[in-house]
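In: sequence plus predicted model, see below.
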2 protein chains.
Amino acid sequence: MSKVFFDIAVSLDGFVAGDHRGPHNTIGDGGMALHQWMFVQKAFWEHLGVDDGQEDGPDGKIIRDVIARTGTCIMGKRMFEEGEPNWPENLFKSDVYVLTHEKRSPWIQKGNTTFYFINDGIASALGKARESAGRKDIRIMGGAETIQQFLNAGVVDECILHLTPVLLGSGKRLFDKIHMDQFEFAISGVTQSARTTHLFYTIRNK
Amino acid sequence: MSKVFFDIAVSLDGFVAGDHRGPHNTIGDGGMALHQWMFVQKAFWEHLGVDDGQEDGPDGKIIRDVIARTGTCIMGKRMFEEGEPNWPENLFKSDVYVLTHEKRSPWIQKGNTTFYFINDGIASALGKARESAGRKDIRIMGGAETIQQFLNAGVVDECILHLTPVLLGSGKRLFDKIHMDQFEFAISGVTQSARTTHLFYTIRNK
């Protein structure tokens, strides 16, 4: 069966985005530093069909692995709205389920990215994502509140934290409003480069 | 020259202690879970002269390495006061400089632990600690506020975070009130067991 996972870059002080986020400042003040490790990877640009990137080491392998296992994506409405004007076409190359309160017809991009807008809750989104994913996995993209919702619902199986050695000081925390008696993390691996540390956990839901 | 370092157990959500800390609840609610990896290590008990502990693997090696490099310890007054009624005699086996506002004569324990009470600031404590440490290193024990003071003063060279897969939800954060423009972290290594992940960083002070 498909696994539900998230992978997200997080600062040493636990933030996944800085303050003042918006369509013109998508990861907030200082937040871009969390993703620098990714922007220099050949694997990242390859996925976009661009020949760029200086590195192809342990960080690149993680990117390839995550892309290979992902059958379907789920994201929150704010992440979608911040990304919509910025993302290149067919970035996700899969169905993407966007959690929203609005009614909106699917947005079909050139390639194989289709955004579906789900307004009846995370269980509904997850059900549709499972159908779409086939044997591949379901990736909860973010933001933090969406990840928290899925964690608290007890439906996340695994996660990868890309722990990046910067401090943001303020912004959006990854682990906030968590129901800690609902699940436990177990260490399942680590890969490190000079840029970031990829921490792998499995999640036992109670 | 001696290096100044700290090593501290931290939860996945960035806390080094839970709420309601005091002499009868030294690491606060849930905080003891941060240190479970340590309590099962032979190396930890050996240091106390006790034959106990079930494990002697990568976690034990870290404990031995930290003990071996430590020439002198520095700690905050609250950590001292919470520990004073609980610590076994000669736990630190070195001079310990306690930051306080009080005047108090040194407290000499059986063995080679002597606590000195410093009431004229961290530079004074660090100067005395450097003399005491000889060629060994100076370990900033904690708590979080003491570590923050030394980080913000630009005098910390290295740190080890023992990132433990628990969530505390509230308590004392390691990285709080940090002057982020004063220093940078650089990844220098990682060691992982099933219990915790030891993250090594060097610190570049600007």
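Out: Yep, it's here.

In: how close does the residue nearest the centre of chain A sit to chain B?
Out: The centre of chain A sits closest to A:Met141, judged by CA atoms, centre = their mean, with a distance of 2.6 Å. Taking CB to the nearest CB, to the nearest Å as the measure, A:Met141 falls 20 Å from chain B. Using the backbone N, CA and C atoms, a C-beta is placed for each residue, glycine as well.

In: what does A:Gln54 give?
Out: Distance from A:Gln54 to chain B, counting by CB to the nearest CB: 18 Å.

In: residues touching the residue nearest to the centre of chain A, list them.
Out: Listed by CB atoms under 8 Å, 6 or more residues apart in numbering or on different chains, the contact partners of A:Met141 are A:6, A:73-75, A:79, A:96.

In: give me the subset of those that lies in helices.
Out: Of the positions in the contacts of A:Met141, A:Met79 sit in helices, assigned by DSSP state H.

In: burial measure for A:Leu199, as a count.
Out: A:Leu199 sits with 26 neighbouring residues when counted by other CB atoms under 10 Å in any protein chain shown.

In: put the alpha carbons of the lowest-mean-pLDDT helix or strand in chain A into CSV.
Out: Using mean pLDDT, DSSP states H and E, helix A:77-83 stands out as the lowest-scoring helix or strand of chain A, at a mean of 92. Presented in CSV, the C-alpha positions along helix A:77-83 are these (Å, rounded to 0.1, in the frame of the first residue of the first chain):
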residue,chain,number,x,y,z
LYS,A,77,-4.3,26.3,0.0
ARG,A,78,-1.8,28.9,1.2
MET,A,79,1.2,26.9,-0.3
PHE,A,80,-0.7,26.6,-3.5
GLU,A,81,-1.6,30.3,-3.7
GLU,A,82,1.9,31.4,-2.9
GLY,A,83,3.3,29.0,-5.5
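
In: for it, name the packing helices and strands.
Out: Identification of packing neighbours for helix A:77-83 by 3 or more CB pairs under 8 Å, 6 or more residues apart in numbering or on different chains; DSSP states H and E yields strand A:95-99.

In: how big is the angle separating the strand or helix carrying A:Ile140 from strand A:95-99?
Out: Assigned by DSSP states H and E, A:Ile140 belongs to strand A:137-142. Here strand A:137-142 runs at an angle of 40 degrees relative to strand A:95-99 (axes from the mean of the first three to the mean of the last three CA atoms, to 10 degrees).

In: ok, stretch A:9-20 near chain B or not?
Out: Yes - contact of stretch A:9-20 with chain B (CB under 8 Å from any CB of the partner chain) involves A:12-14.

In: what about that stretch, distance to the chain center?
Out: 14 Å (CA atoms, centre = their mean, to the nearest Å).

In: who touches A:Gly76 in this structure?
Out: A:98-99, A:142-143, A:145-146.

In: same question, A:Ile8
Out: Taking CB under 8 Å, 6+ apart as the criterion, A:Ile8 is in contact with A:16, A:142, A:144, A:147, A:159-162, A:174.

In: and chain A, which residues reach chain B?
Out: If contacts are counted using CB under 8 Å from any CB, the residues of chain A sitting beside chain B are A:12-14, A:161, A:163, A:165-169, A:173-176, A:178, A:180, A:184-187, A:189-190, A:192-197, A:199, A:201.

In: go ahead and build a PyMOL selection from the buried members of those.
Out: Taking 16 or more other CB atoms under 10 Å in any protein chain shown as the burial criterion, the selection of buried members of the residues of chain A next to chain B in PyMOL is written as:
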select buried, chain A and resi 12+13+14+161+163+165+166+167+168+169+173+174+175+178+180+185+187+190+192+193+195+196+197+199+201
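
In: let's see which of the residues of chain A next to chain B end up in helices.
Out: Per DSSP H, the subset of the residues of chain A next to chain B in helices is empty.

In: and for the closest residue to A:Lys172 other than its chain neighbours, the neighbour number?
Out: In space, A:Lys172 comes closest to A:Ala17 once its chain neighbours are excluded; the distance is 4.3 Å by CB to CB, 6 or more residues apart in numbering or on different chains. Residues lying near A:Ala17 (other CB under 10 Å) number 29.

In: ok so, going back, include pLDDT and distance to B:Gly57 when you put the residues of stretch A:9-20 next to chain B into JSON lines, please.
Out: Below are the residues of stretch A:9-20 next to chain B laid out as JSON lines (pLDDT from 0 to 100; distance: CB to CB, whole Å):
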{"residue": "A:Leu12", "pLDDT": "97", "distance to B:Gly57": "26"}
{"residue": "A:Asp13", "pLDDT": "97", "distance to B:Gly57": "29"}
{"residue": "A:Gly14", "pLDDT": "97", "distance to B:Gly57": "28"}
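
In: looking at those, which one is closest to A:Val50?
Out: Here the nearest of the residues of stretch A:9-20 next to chain B to A:Val50, counting by CB to CB, is A:Leu12; it sits at 30.0 Å.

In: go ahead and confirm the residue nearest to A:Lys172 touches A:Ala33.
Out: No - with contact taken as CB atoms under 8 Å, A:Ala17 and A:Ala33 are classed as non-touching, separated by 11.1 Å.

In: that's a strand at A:Trp45, yeah?
Out: No - inclusion of A:Trp45 in a strand is not indicated when DSSP: H, G, I helix; E, B strand; the rest coil is applied; the result is helix.

In: for it, give me its contacts.
Out: Each residue near A:Trp45 by CB under 8 Å, 6+ apart is listed here: A:51-53.

In: show me just the buried residues among those.
Out: When the contacts of A:Trp45 are checked for burial by 16+ other CB under 10 Å, the buried set is A:Gly53.

In: from the contacts of A:Trp45, which is closest to A:Asn25?
Out: Within these, the smallest distance to A:Asn25 is 23.1 Å, found for A:Asp52 (CB to CB).

In: would you say A:Gly60 is within a strand?
Out: No - using three-state DSSP, the secondary structure at A:Gly60 is helix, not a strand.

In: pretty sure it is touching A:Ala43, no?
Out: Yes - look at A:Gly60 against A:Ala43 with CB under 8 Å: they come within range, at 3.9 Å.

In: so what sits against both of those two?
Out: Common contact partners of A:Gly60 and A:Ala43 (CB under 8 Å, 6+ apart): A:Gly53.

In: for the closest residue to A:Gln182 other than its chain neighbours, what are its contacts?
Out: Nearest residue to A:Gln182, sequence neighbours excluded (CB to CB, 6+ apart): A:Gly154, at 5.4 Å. The neighbourhood of A:Gly154, defined by CB under 8 Å, 6+ apart, consists of A:182-183, A:205-206.
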